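have a look at this fold, sequence not included:
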């Protein structure tokens, strides 16, 4: 375990680093609706991405996670890499948690960008949630970026450009720090109610991302999870209707313009 910044330790899977050519870094953290994490975990699985490093932090919750095979592990962030047959290289970051305080978020974001810099990363993407408080048939994708050229390209992918507010946590910090290092950064946000684990929003955000970076992956498993989300939403709506509550007033729902941008 290599000591790095205060409270952070990085363990690489090998003493030698893989050779990557100008990769994209794509990050999906647990957050509202698990929109970004579901999307990035699907990418890692379908691309058969290779393990690069585990990142541990004393700012993660003091607990262990029980994995599907019965083993226990400290909470961590994990980075993978993938080389597509078309020559597009990716760094993929998933995580069990985000740090518990602002100082630790900055430290972890800097550490992640240190790793990305080793491989001459050319663009950083973070995948987040745009909470509206209402259920929608087809989630829209919102976005912000650190350069105007990327902003101008949003219309080609049907991305709605954000023109105010803020993006909290790691999803905002990482692209902000990337900008300071001269690396382009983009945050894509999938529209979600904020009430459920939303694989439907994850599917929409992943489809948009894949179009931008120019790769294809099998979406069948994610499509199944998205349908499960639809069934859950329908059940909730029926319960609300049974209680005589209009759909637009679910759980204190408000107009999107009155909500913050919560990642």
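It's in. These figures come from a predicted structure and were not determined experimentally.

okay, residue 5: pLDDT?
Each residue has a pLDDT score; the one for residue 5 is 70.

list the contacts for it?
Residues in contact with residue 5, defined by C-beta atoms under 8 Å, 6 or more residues apart in numbering, are 107, 110-111. Using the backbone N, CA and C atoms, a C-beta is placed for each residue, glycine as well.

just the strands in the stretch 1-150 of the chain please.
For the stretch 1-150 of the chain, strands defined by DSSP state E, counting those that start in this stretch occupy the ranges 2-3, 8-12, 24-28, 50-57, 64-66, 72-74, 77-83, 89-95, 123-131, 141-145.

save the contacts of residue 5 as JSON lines, and put in pLDDT, neighbour count and distance to residue 175 too.
Shown next, in JSON lines, are those (pLDDT from 0 to 100; neighbours: other C-beta atoms under 10 Å; distance: C-beta to C-beta, whole Å):
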{"residue": "107", "pLDDT": "95", "neighbour count": "19", "distance to residue 175": "17"}
{"residue": "110", "pLDDT": "96", "neighbour count": "17", "distance to residue 175": "13"}
{"residue": "111", "pLDDT": "96", "neighbour count": "18", "distance to residue 175": "15"}
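
let me know the closest of the residues you listed to residue 194.
Taking C-beta to C-beta as the measure, residue 194 lies nearest residue 107 of those, at 27.8 Å.

any stretches of the protein with poor pLDDT?
1-4, 244-263 (pLDDT under 70).

what about residue 28, how many residues nearby?
By other C-beta atoms under 10 Å, the residues close to residue 28 number 29.

going forward can the numbers begin at 8, since that is how I track them
Fine by me, first position is 8 from now on; the one you just mentioned is residue 35.

shouldn't it be in contact with residue 48?
Yes: using C-beta atoms under 8 Å, residue 35 is in contact with residue 48, at 7.0 Å.

who's in contact with the residue positioned nearest the centre of the chain?
The centre of the chain sits closest to residue 35, judged by C-alpha atoms, centre = their mean, with a distance of 2.3 Å. Residues in contact with residue 35 (C-beta under 8 Å, 6+ apart) are 43-48, 100-102, 133-134.
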